[in-house]
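Visitor: have a look at this fold, sequence not included:
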């Protein structure tokens with residue numbers, strides 16, 4: 001049964017997530033998988049709009065903060081709303097990285113690195129499967 005608690009978090013059973021998400025979205029958002037580089041639908045998408053969480057619809061990134069980093073995944077210099085993304089230390093795969101999560105549904109989005117353009121110097125490297133583009137009209 002879907003539930004939004006008083007803390008604003010979206011909580012669903014694994015069965016509900018599997019029913020609502022594609023297999024790739026489920027693997028990325030719920031199991032912390034990563035798309036193969038250069039395969040995501042939004043990596044080179046030039047359309048303008050707002051990128052929202054594919055799991056819960058929360059606003060995450062704006063297209064005007066997107067840039068081509070050459071890393072193989074959509075990259076953004078900052079979130080649309082800072083409080084909409086959470087960061088956690090990720091020590092998987094023999095690396096120390098900073099994981100980026102949707103603050104509303106705890107879905108895995110990707111990672112953030114300190115090698116982006118100014119003024120933030122950040123590169124939010126995000127899986128296309130974790131996003132949906134609400135295109136500007």
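Guide: Looks like it arrived, so ask away. These numbers were taken from a predicted model, which means no experiment stands behind them.

Visitor: where do the helices sit along the chain?
Guide: Remark: helices assigned in the chain by DSSP state H are 14-20, 23-31.

Visitor: need the contact list for residue 68.
Guide: 44, 75 (C-beta atoms under 8 Å, 6 or more residues apart in numbering). Every residue, glycine included, has its C-beta placed from N, CA and C.

Visitor: quick one, phi psi at it?
Guide: The phi and psi torsions at residue 68 (degrees, to the nearest 10) take the values phi -90, psi 100.

Visitor: what about residue 94, how many neighbours?
Guide: Neighbourhood size, residue 94 [other C-beta atoms under 10 Å]: 5.

Visitor: surely residue 21 touches residue 53?
Guide: No: if you go by C-beta atoms under 8 Å, residue 21 and residue 53 don't touch, sitting 10.9 Å apart.

Visitor: looking at these two, which is more packed in?
Guide: residue 53 (24 against 20).

Visitor: thinking the more buried one is in contact with residue 108, fair?
Guide: No: under the criterion of C-beta under 8 Å, residue 53 makes no contact with residue 108, lying 10.6 Å away.

Visitor: common neighbours of those two, please.
Guide: Contacts common to residue 53 and residue 108, judged by C-beta under 8 Å, 6+ apart, are 29, 130.

Visitor: can you pull the contacts of residue 111?
Guide: Contacts of residue 111 by C-beta under 8 Å, 6+ apart are 90, 97, 98, 99, 100, 124, 125.

Visitor: follow-up on the earlier one: which one, of the helices of the chain, ends up nearest to residue 64?
Guide: Closest approach to residue 64 among the helices of the chain (C-beta to C-beta): helix 23-31, 24.0 Å.

Visitor: one step back: ok, which pair from the contacts of residue 111 is furthest apart?
Guide: 90 and 124 (13.8 Å).
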